[in-house]
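Participant: 3D model of this:
(one chain, ligands or ions: 1)
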Amino acid sequence: MRTRLIAGNWKMHKTATEAVEFVHEFRKVVPTSTNIDILLAPPFTSLYAVQQAMTTDDRFALAAQNLHWETEGPFTGEISGAMLQALGCSSVIVGHSERRQLFRESNEEVNKKVKAALEHQLLPIVCIGETLEEREAGHTQAIVKDQLIKGLSGLDAEKISAITIAYEPIWAIGTGRAATIEQAEEIHAFLRSIVTAEWGPVAQDVRIVYGGSVSPQNAEALFHCTDIDGALVGKACLDPTSFASICNLAAQASP
Ligand code: PGA
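Facilitator: Numbers count the residues shown, from 1 in each chain. Purely as a prediction, here's the structure:
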């Protein structure tokens, strides 16, 4: 049985001081139930502050938004998996479409980052998704399959079980135009069939979460879909109350 995951991707928002204020507020409203996993992914500069502010609260855990594949070395401006692990991160987002599009991150780099994350006991959340042009041209399945196979290349079934896949159609990110339930369900089921074909029954353990304009208004319907195992939330995670209400909806929809 897959535990639903709700991850808040703060992107480039909040100073360390603002991050601590968020955690204090969020702790007042975050669900007490233990039937879902909740992650906060602040910018690198706030990871330590958030980790300290969480104290021993185990209702949510810490994630990073990116990592470099090397452990250390002359890579100015980069952060390694070892550094994130030492800070108390349990997960890391890899291959977000903003990184792929704005920073030219390739499937091959995503693959190196996934492997580096696993080496440092960081559970990777691997983002894939198509552009509007690709969808309109009927290429969605081909694009996400290519990203999935290349991004997870070389991993055995045991490692695959630790992966979360985030299906994030690029046209739905930050636009207020979420995918319809039918669109999301179709691709989630398709992705699980690809994982089954490539890695076998372990596909039943792999979480596939949806991202792209998830809000307290549309989250409930998503969480009632069989193949949607949670959400990667951007804009709506910046406010503690709205993020907590998405978490609550996931907890209520979970056994
Ligand atoms: P959004 O972002 O919820 O603001 O659309 C989601 C994401 O980019 O992960």
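Participant: contacting residues around Leu87?
Facilitator: Leu47, Tyr48, Gln51, Leu62 (Cβ atoms under 8 Å, 6 or more residues apart in numbering). The way it works is simple: take the backbone N, C-alpha and C, and place the C-beta from them, glycine included.
Participant: ok, those vs the ligand, which is closest?
Facilitator: Checking these against the ligand by Cβ to the nearest ligand atom gives Leu62 as the nearest, at 16.7 Å.
Participant: Isn't that closest one up against Ser46?
Facilitator: No. In this structure Leu62 lies outside contact range of Ser46 using Cβ atoms under 8 Å: 9.9 Å.
Participant: Please identify which of those two sits among more neighbours.
Facilitator: Ser46 (24 against 21; other Cβ atoms under 10 Å).
Participant: which non-adjacent residue is nearest that one?
Facilitator: Among residues not flanking Ser46 along the chain, Ala19 sits closest, at 3.7 Å (Cβ to Cβ, 6 or more residues apart in numbering).
Participant: Can you redo the contacts of Leu87 as JSON lines, where the extra columns are distance to the ligand?
Facilitator: Putting the contacts of Leu87 into JSON lines (distance: Cβ to the nearest ligand atom, whole Å) gives the following:
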{"residue": "Leu47", "distance to the ligand": "18"}
{"residue": "Tyr48", "distance to the ligand": "23"}
{"residue": "Gln51", "distance to the ligand": "21"}
{"residue": "Leu62", "distance to the ligand": "17"}
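Participant: count of residues packed around the residue in the stretch 1-150 of the chain positioned nearest to the ligand?
Facilitator: With Cβ to the nearest ligand atom, the shortest gap between the stretch 1-150 of the chain and the ligand falls at Asn9, namely 4.3 Å. Neighbourhood size, Asn9 [other Cβ under 10 Å]: 26.
Participant: Likewise for Leu238?
Facilitator: For Leu238, using other Cβ under 10 Å, the count is 17.
Participant: what sits against it?
Facilitator: Gly8, Trp10, His13, Lys14, Phe22.
Participant: go on, Thr71?
Facilitator: By Cβ under 8 Å, 6+ apart, Thr71 lies in contact with Ser80, Gly81, Ala82, Ala116, His120.
Participant: now do 10 Å
Facilitator: Ser80, Gly81, Ala82, Met83, Ala116, Glu119, His120 (Cβ atoms under 10 Å, 6 or more residues apart in numbering).
Participant: Which two of the residues you listed have the greatest separation?
Facilitator: The distance between the two most remote of these (Cβ to Cβ) is 12.9 Å, for Met83 and Glu119.
Participant: Between these two, point out the one with more neighbours.
Facilitator: Using other Cβ under 10 Å, the more surrounded residue of Met83 and Glu119 is Met83, with 18 against 13.
Participant: and the gap between the more buried one and Phe44?
Facilitator: 9 Å (Cβ to Cβ, to the nearest Å).
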